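Trainee: Here is the input, now give the coordinates:
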Amino acid sequence: MNKNRVPVRFTGQHFIIDTQLIEDSIRLAEIQKNDLVLDIGAGRGFLTGHLVRYSGNVIAIESDPGLVAELRTRFAFNKNITVVNSDFRKFRIPQKQFKAVSNIPYGITSYILRSLMYNNTEFFEKGSLVIQLEAAQKLFRRRVFNPYVLFYHTFYDLELIYTVPPASFMPPPTVQSALVKISKKQSPRINIEMKEKYFDFLCFILRYPDLSVRTALKEIFRKRQIREFSHKYGLKLDDVVTLFLPEQLSDCFVEMLRVVPDKFHPEN
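Mentor: Numbering: from 1, shown residues only. Below you'll find the predicted structure:
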């Protein structure tokens, strides 16, 4: 492979050259020496080389064979880095506590977020991701149509730190990017063991986005029950369901577990 040629893959990844962005990404993840850290879409290792100064166990995941060869040559004598030649969608994340600090391939953003914050809720502790700005903004919209986004906000604190300009990358992308911090909540309202049932509940509530909160809840609860906890949790029953706050939905879910027989619980 010609090292002077900068590869631009089908996933649309561009490589970070902004050292301040790299330092901010690592600082936000609060990496300790014994942390397992994933670098998803490691590219030429610009971020990986900084990560290894803080963590003794970095997994650099890269799908491009030419770039993998560069990574293995660059880090041949560093035992703290494992270079994996794999599309992240085929990579099996170790079933242990881990963090992620990555300039992710934009083309598979939704898959990566789902893999980290839903499939691996039990293990993903904290991270910072550089993602496309448009995708980042979807995580913070007031009206939410995607049940995964509500799920993420139930178990994690998400923060859009700042917008990243194209000049921070090589080659510069045609879109704006953003640095997003993700931290697992210390005491979520819902046990992680209930995550699949909770996700089924979210899908059921959002199946008709223009339905009112009152009408959606009537499919699960009795009218008296709805009146009681609408006051308790500040629900606006005439709002559409896409205006539900994550904490309100988790409260409703807990009430469902408490007062509604299992056979009436929604299933996806």
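
Trainee: same for the longest helix belonging to the chain, what does it pack against?
Mentor: Ranked by number of residues, the top helix in the chain under DSSP state H is helix 246-259. Applying 3 or more Cβ pairs under 8 Å, 6 or more residues apart in numbering; DSSP states H and E, we find helix 246-259 packed against helix 147-155, helix 195-205, helix 223-233. The way it works is simple: take the backbone N, C-alpha and C, and place the C-beta from them, glycine included.

Trainee: Would you mark the buried spots in that helix?
Mentor: Within helix 246-259, the residues scored as buried using 16 or more other Cβ atoms under 10 Å are 246, 248-257.

Trainee: next one: stretch 146-158
Mentor: 147-156, 158.

Trainee: Just put the helices and strands packed on helix 246-259 in JSON lines and tack on distance to P94 and mean pLDDT.
Mentor: Output for the helices and strands packed on helix 246-259, formatted as JSON lines (distance: least, Cβ to Cβ, whole Å; pLDDT from 0 to 100):
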{"stretch": "helix 147-155", "distance to P94": "20", "mean pLDDT": "98"}
{"stretch": "helix 195-205", "distance to P94": "19", "mean pLDDT": "98"}
{"stretch": "helix 223-233", "distance to P94": "38", "mean pLDDT": "93"}
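
Trainee: so which of those helices comes closest to F98?
Mentor: Of all the helices and strands packed on helix 246-259, the one in closest proximity to F98, counting by Cβ to Cβ, is helix 147-155 (15.2 Å).

Trainee: Isn't R142 up against F244?
Mentor: No. The pair R142 and F244 fails to qualify as a contact (Cβ atoms under 8 Å) at a distance of 10.7 Å.

Trainee: Who has more neighbours out of those two?
Mentor: More crowded of R142 and F244, by other Cβ atoms under 10 Å: F244, with 22 against 7.
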